[in-house]
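**Q** 3D model of this:
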Amino acid sequence: MKAAIHRRYGPPEVLRIEEVPMPPVGRRHVRVRVHATTVTSGDARLRAARTPAIFALPIRLAFGLRGPRQPIPGMEFAGEVEAVGADVTRFRPGQAVFGITTRGANAEYLSVRDDAAIVPKPPGLTHAEAAAAPFGALAALVFLRDVARLVPGERVLVVGAAGGVGVFAVQLAKHLGAHVTGLCSAENAALVRDLGADAVIDRRAGPDGATPGGYDILLDTIGVTRFAAWRPALAPRGRHLFLSFGLGELVQMMLTSLGQGPRVLCGFAANDPGKLACVADMLAAGLLRPVIGARYRLDEIAEAHRHVDSGGKRGSAVVSIIDPR
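**A** So this is what the prediction gives:
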């Protein structure tokens, strides 16, 4: 099968398309013929081994010291079950599925355990649309519902509202009953409003464009805010959420937990199959919709990574394996 490969960390140019063996099917495994996959900000960071200093050694130990232990990148996927192991009962050959894994999705075939984050694809979505959902939708769900514990009527500011996580955060916050403000570039303002935002701030305005004390939750989806600069925008018991964080944010989370003012919160969105099933239900009901900002072929994988590295990604960067552009 064909797969994207990189055997060392570095810029997008380290990526190649190679013929590699088909992934095996264990007794508890499902092999998926991938129709569509993506390049996420997480994929780009892992390719370059670009992490905060506090996580540099743990990430290298987990993924490979000098080069990736699993050379095929890619987290998100959608496709058709091609084969199942002898003990698999949840899935059958020919079934349309989508999901998220740690690595290996940027290939024609992928093998995952049947208890991993893989669920039936909502019938109303194309494979490309389904592949564009897990990373961003799971992060939005975990941070808004579980970490921030958003309640109806709260005021939410989504920073990076047109990005891969931001487009789902805007929709989910609105679904949960919040008043939503999106911070994004001027050219993406119409998209963010169309997704449900009540107000939009031009990202060039920065903290000066925010309403003083106007937000119960500030969700930074792209790692560009600092608590000290944005604290005046938070309500007295506001929460400043960081998807991407380092030692400074961890220290601030500990210190702010001791006082009565605004708090810093950090966390991780694990690849949870139960939460992905919840996302699938919301996609099927039309409560969430994916945004595809760019499309590529598998042999354009390096170009897709360059696009993500540029910081100008709108929604998801989808890589079509079988589906037409």
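**Q** bridging residues for residue 36?
**A** residue 78, residue 320 (DSSP bridges).
**Q** Hmm, it is touching residue 133, no?
**A** No. With contact defined as Cβ atoms under 8 Å, residue 36 does not count as touching residue 133 (10.9 Å). C-beta coordinates here come from the backbone N, C-alpha and C atoms, glycine included.
**Q** Between the two, point out the one with more neighbours.
**A** residue 133 (31 against 26; other Cβ atoms under 10 Å).
**Q** which ones are touching the residue nearest to that one when sequence neighbours are not counted?
**A** Nearest non-adjacent residue to residue 133, counting by Cβ to Cβ, 6 or more residues apart in numbering: residue 290, 4.9 Å away. Residue 290 makes contacts with 125, 129-130, 132-133, 167, 283, 315-316, as judged by Cβ atoms under 8 Å, 6 or more residues apart in numbering.
**Q** Go again with 7 Å.
**A** 129, 132-133, 316 (Cβ atoms under 7 Å, 6 or more residues apart in numbering).
**Q** Skip ahead from the one helix or strand residue 32 maps to and say which helix or strand is next.
**A** For residue 32, the enclosing helix or strand under DSSP states H and E is strand 29-39. From strand 29-39 onward toward the C-terminus, using DSSP H and E, the following helix or strand is helix 41-48.
**Q** Next, the angle helix 41-48 makes with whichever helix or strand comes after that following helix.
**A** Using DSSP H and E, the next helix or strand after helix 41-48 towards the C-terminus is helix 53-63. Here helix 53-63 points in a direction 80 degrees away from that of helix 41-48 (axes from the mean of the first three to the mean of the last three Cα atoms, to 10 degrees).
**Q** what sits up against helix 53-63?
**A** 46, 49, 51, 69, 246-247.
**Q** Also stretch 176-189?
**A** Residues from elsewhere that reach stretch 176-189 (Cβ under 7 Å, 6+ apart): 144-145, 150, 152-162, 170, 173-174, 192, 196-203, 314.
**Q** Just give me how far it sits from the chain centre.
**A** 18 Å (Cα atoms, centre = their mean, to the nearest Å).
**Q** cool, stretch 114-132 as well?
**A** Remark: stretch 114-132 is offset 14 Å from the chain centroid, using Cα atoms, centre = their mean.
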